[in-house]
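**Q** build me a structure from this.
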Amino acid sequence: QVQLVESGGGLVQAGGSLRLSCAVSGRTFGSAFMGWFRQAPGKEREFVAALRWSGGTTYYADSVKGRFTISRDNAKNTVYLQMSSLKPEDTAVYYCAAGAMSFYTAASRYNSWGQGTQVTVSS
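**A** Sure, this is the predicted structure:
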């Protein structure tokens, strides 16, 4: 079982930056992908970014491509989401997730989730 703990959320002005962290512990070998998702009030949880454990290939939603970067630090067992040029529409609770073996954009493919961290972008 994988345990995930997010941190790094907060309030930032539009155009600003934040870095989210996801501390990973437990048995991760069964997960091909780590993912970041977000959920705004009244909306469904949506895919933001994913990283393939083997090889480190990254994938992004079109809405964040060029602004967000997913990365990992193997020594610290941590996955990051660097967010730049933030917009008010990026406001949401952000979750990291593990356990997907395929279809990395689908939340249903992940079986481990963190508690979420709030990101609020003011205009």
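
**Q** and the residue nearest the centre of the chain, bridged to which residues?
**A** When C-alpha atoms, centre = their mean is applied to the chain, the residue found nearest the centroid is Trp36 (2.1 Å). Assessed by DSSP bridges, Trp36 has beta-bridge partners Ala49, Cys96.

**Q** pull the contacting residues for it.
**A** Residues in contact with Trp36, defined by C-beta atoms under 8 Å, 6 or more residues apart in numbering, are Leu20, Cys22, Val48, Ala49, Ala50, Ile70, Val79, Leu81, Tyr94, Tyr95, Cys96, Ala97. C-betas here are computed from N, CA, C, even on glycine.

**Q** which one of those residues is nearest Ala107?
**A** Within the set of the contacts of Trp36, Ala97 lies nearest Ala107; the separation is 7.1 Å, counting by C-beta to C-beta.

**Q** which ones are touching the closest residue in space to that closest one that isn't next to it in sequence?
**A** By the measure of C-beta to C-beta, 6 or more residues apart in numbering, the closest residue to Ala97 outside its immediate chain neighbours is Tyr110, 3.7 Å from it. With contacts defined as C-beta under 8 Å, 6+ apart, the neighbours of Tyr110 are Phe33, Gly35, Ala97, Ala98, Gly99, Ala100.

**Q** change it to 10 Å
**A** By C-beta atoms under 10 Å, 6 or more residues apart in numbering, the contact list for Tyr110 reads 2, 4, 31, 33-35, 37, 50, 95-101, 103-104.

**Q** for stretch 85-94, how far is the first residue from the last?
**A** Its start and end residues considered, stretch 85-94 measures 17 Å (C-alpha to C-alpha, to the nearest Å).

**Q** who touches it?
**A** Applying C-beta under 10 Å, 6+ apart, the set of residues contacting stretch 85-94 from outside is 6, 8-9, 11-18, 20, 22, 36-41, 43, 45-46, 48, 63-64, 66-68, 81, 83, 114-123.

**Q** all set, thanks.
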